[in-house]
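1. Build me a structure from this.
(one chain, ligands or ions: 1)
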Amino acid sequence: MIQNNKKWMMAVIAGTMVIALGLIADGMAKVKKGDTRPLSTENWMENVVKPHCGALKKEIAAGPKTDDDWQSLIEHAEILNETSYILMEDKRCPDGVWAGAASKTLRNGSDAVITAAKAKDVSATEAAFKNMTKSCKECHDKHKEKD
Ligand code: HEC
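-> Numbering: from 1, shown residues only. Purely as a prediction, here's the structure:
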């Protein structure tokens, strides 16, 4: 009888621990992937953020001249601006560092790139791009695993 009680207690303790761990894992922000949607952060970074940020850098360095050149800058910056919202969705955001990098630095920086490109102001575009890309390091320093 004592043996059975012990087994029963052990089962209750083990069960409680499984439930507690499950709750902790569920409460944790996802970082690498959101809660319910399939998109991985790595996929968005590799296939959306990197190419659009790289194109912006190249096109700013080349010196935008035509209306099409400026429009292209605006379109890249719009996608990075939308990224600042996507990174905050689906329980992906773990803390204030992430939130600041995405919803302040990346969002305000890309907004400023759009405003400067609409005004066809080269130096303001360069400055805004520089500010926007501070968001990458700001978030990666804490949340991207070092290779
Ligand atoms: C709010 C957070 C956040 C911001 C802002 C952010 N990143 Fe990331 N980035 C991540 C995380 C997290 C990873 C690691 C994902 C993983 O490996 O699971 C990552 C990974 C990457 C990778 C590697 C992808 C791969 O294939 O392994 C690239 C490239 C990248 N980011 C580019 C950028 C650039 C460029 C910017 C700025 C314009 C930026 N990121 C801004 C969170 C962020």
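2. Just the CA atoms of stretch 103-113, as CSV, please.
-> What follows is stretch 103-113, C-alpha atoms only, in CSV (Å, rounded to 0.1, in the frame of the first residue of the first chain):
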residue,chain,number,x,y,z
SER,A,103,8.8,48.9,-34.1
LYS,A,104,11.0,51.9,-33.5
THR,A,105,14.4,51.7,-35.3
LEU,A,106,13.4,49.7,-38.3
ARG,A,107,10.0,51.3,-38.6
ASN,A,108,11.0,54.9,-38.2
GLY,A,109,14.2,54.4,-40.3
SER,A,110,12.3,52.9,-43.2
ASP,A,111,9.6,55.6,-42.9
ALA,A,112,12.4,58.3,-43.1
VAL,A,113,13.9,56.6,-46.2
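3. ok, how many other residues are close to residue 146?
-> 5 (other C-beta atoms under 10 Å). C-beta coordinates here come from the backbone N, C-alpha and C atoms, glycine included.
4. Let's verify it: helix, strand, or coil?
-> coil (DSSP: H, G, I helix; E, B strand; the rest coil).
5. any idea how far it lies from residue 133?
-> 19 Å (C-beta to C-beta, to the nearest Å).
6. now residue 5
-> 63 Å.
7. Which one's more surrounded, these two?
-> residue 133 (18 against 9).
8. my read is the more buried one is in a helix, agree?
-> Yes: applying three-state DSSP, one finds residue 133 inside a helix.
9. Near the residue nearest to it when sequence neighbours are not counted, how many other residues are there?
-> Nearest residue to residue 133 in three dimensions, chain neighbours excluded: residue 53, at 6.8 Å (C-beta to C-beta, 6 or more residues apart in numbering). Using other C-beta under 10 Å, residue 53 has 23 other residues around it.
10. just how off-centre is the helix or strand hosting residue 53 within its chain?
-> Element membership for residue 53, per DSSP states H and E: helix 50-62. For helix 50-62, the gap between its own C-alpha mean and the chain's C-alpha mean amounts to 19 Å (C-alpha atoms, centre = their mean, to the nearest Å).
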